[in-house]
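Asks: Dropping the sequence and predicted coords here.
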Amino acid sequence: MAVVSRCSRAATAATTANATTAPTFAYLIRSLSPFSSSSSTFDPQNDLNNRNKPAVLGTLKRESKGRNVQWVFLGCPGVGKGTYASRLSNLLGVPHISTGDLVRDELASSGPLSSQLKEIVTQGKLVSDEIIIDLLSKRLEAGEAKGESGFILDGFPRTVRQAEILEGVTDIDLVINLKLREEALLAKCLGRRICSECGGNYNVACIDIKAENGRPGMYMAPLPPPPQCASKLITRPDDTEEVVKQRLRIYQAMTRPVEDFYRIRGKLLEFDLPGGIPESWPKLLCALNLEDREDKQSAAA
Ligand SMILES: Nc1ncnc2c1ncn2[C@@H]1O[C@H](COP(=O)(O)OP(=O)(O)O)[C@@H](O)[C@H]1O
């Protein structure tokens, strides 16, 4: 996909040349986390504000000029964080890092954490900050080794504590808060399907909310799999009605406050999804002052 930036702060960051922030960030997120061996008694205020933060952040902020984007996606389960984060990642050439995917990879690996994680995830609960930061640090370190720079985070931070840790180690440029009408969220989660072979994400739900009491209707077409994937579809074990409702409750309790965390720092971009990908993608690009030339060309063809 080709990208043209039209002058927002966010888009400017997107198109500037790469620099060397990623190594520092992966190292810092591990070393500043409350669980690193160098920090035995953690008090977020003391540790981040007084002890570690000023020195390392000074270095990081100097180095971060002219780097790739460092964005975060927030939003309820089923809103489409993965879909839009992945599209922006292709457009901007930065990695899309989903902590939900990291957890699922760890589960699939049958490593030492997997039985513990399985119980937490299938109950719709949050994994501990310790485990999630460890998984994220490893992913960032692997990315650094491949020369990655910048990121679009999806699913992290999910608690104010995670947001404080992240804010202590790097400058997040922008937090995109995706919002979708509540009646669509459950149906979207229940309609999610993954191809067990290629990992492609599809959705069999057809959302058709009629206009009512002055509220406009909303239509979201299904995203069907291509024929070669159709017989290999699986459903995430945590996408059952009971577990999705629990995840939505946990989002309200634990993640909603993260929106305020970024709102008061002037980093939150609220984006109400108007419908499915064909309506929402161009509007999201417009809100970000970005343009997807290839998408436009294929639409015009
Ligand atoms: N930042 C995080 N903190 C704690 N747990 C997480 C985090 N990210 C992912 N998880 C775990 O992985 C599960 C799946 O995450 P994700 O794919 O992002 O789901 P959702 O569709 O609910 O946004 C979560 O329900 C949670 O158990």
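Replies: Happy to help now that I have it. Residues are numbered from 1 along each chain as shown.
Asks: list the buried ones in the longest helix belonging to the chain?
Replies: Longest helix of the chain, by residue count under DSSP state H: helix 129-145. Buried residues in helix 129-145, counted by 16 or more other CB atoms under 10 Å: 129, 131-137, 139-141, 143-144. For the C-beta atoms, the positions are set from N, CA and C on the backbone; glycine is no exception.
Asks: Kindly report the same for stretch 220-230.
Replies: So, applying 16+ other CB under 10 Å, buried residues of stretch 220-230: 220, 223, 225, 229.
Asks: Ignoring the adjacent residues along the chain, who's closest to the third one?
Replies: Ranked by CB to CB, 6 or more residues apart in numbering and with sequence neighbours excluded, the top spatial neighbour of residue 225 is residue 202, at 4.4 Å.
Asks: In a strand, that neighbour, correct?
Replies: Yes - according to DSSP: H, G, I helix; E, B strand; the rest coil, residue 202 belongs to a strand.
Asks: Please name the residues that touch it.
Replies: 192, 193, 194, 195, 222, 223, 224, 225, 229, 233 (CB atoms under 8 Å, 6 or more residues apart in numbering).
Asks: Mind listing the residues bridging to it?
Replies: residue 193 (DSSP bridges).
Asks: Same question for residue 215.
Replies: Counting by DSSP bridges, the residues bridging with residue 215 are residue 212.
Asks: Outside of stretch 224-238 itself, list whatever touches it.
Replies: Taking CB under 8 Å, 6+ apart as the rule, stretch 224-238 contacts 104, 121-122, 124, 192-198, 200, 202, 204, 243-244, 247.
Asks: overlap between these and the residues near the ligand?
Replies: Applying CB under 6 Å from any ligand atom, the subset of the contacts of stretch 224-238 adjacent to the ligand comprises 121, 124, 247.
Asks: Counting neighbours, which of the residues you listed comes out on top?
Replies: Neighbour count (other CB atoms under 10 Å) singles out residue 247 as the most crowded of those, with 23 neighbours.
Asks: For the stretch 201-301 of the chain, which segments count as helices?
Replies: Using DSSP state H, counting those that start in this stretch, the helices assigned to the stretch 201-301 of the chain run over residues 241-250, 256-263, 277-287, 293-300.
Asks: among those, which is nearest residue 214?
Replies: helix 277-287 (20.0 Å; CB to CB).
Asks: Would you mark the buried spots in the closest one?
Replies: Per 16+ other CB under 10 Å, helix 277-287 contains these buried residues: 277, 280, 281, 282, 284, 285.
Asks: what's the burial count for the residue lying closest to residue 131 once chain neighbours are set aside?
Replies: Sequence neighbours aside, residue 113 is the residue nearest to residue 131 in space, at 6.5 Å (criterion: CB to CB, 6+ apart). Applying other CB under 10 Å, we find 17 residues neighbouring residue 113.
Asks: and what of residue 198?
Replies: 11.
Asks: related to what we said a few turns ago, these two touch, right, the residue nearest to residue 131 and residue 132?
Replies: No - in this structure residue 113 lies outside contact range of residue 132 using CB atoms under 8 Å: 10.9 Å.
Asks: hey, where'd the helices end up in the stretch 51-200 of the chain?
Replies: 53-63, 81-92, 99-108, 114-122, 129-145, 160-169, 182-191.
Asks: Comparing those helices by mean pLDDT, which bottoms out?
Replies: Looking at the helices of the stretch 51-200 of the chain, the lowest mean pLDDT belongs to helix 53-63 (a mean of 30).
Asks: returning to that earlier point: contacts (any at all) between the ligand and the longest helix of the chain?
Replies: Yes - for helix 129-145, a contact with the ligand is found by CB under 6 Å from any ligand atom, at residue 132.
Asks: mind listing what's buried in stretch 242-253?
Replies: 243, 244, 246, 247, 248, 250, 251.
Asks: could you dump those to JSON lines with distance to residue 215?
Replies: Shown next, in JSON lines, are the buried residues of stretch 242-253 (distance: CB to CB, whole Å):
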{"residue": "243", "distance to residue 215": "28"}
{"residue": "244", "distance to residue 215": "23"}
{"residue": "246", "distance to residue 215": "27"}
{"residue": "247", "distance to residue 215": "25"}
{"residue": "248", "distance to residue 215": "20"}
{"residue": "250", "distance to residue 215": "27"}
{"residue": "251", "distance to residue 215": "22"}
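Asks: Closest to residue 100 out of those?
Replies: For the buried residues of stretch 242-253, the nearest to residue 100 is residue 247 (10.4 Å; CB to CB).
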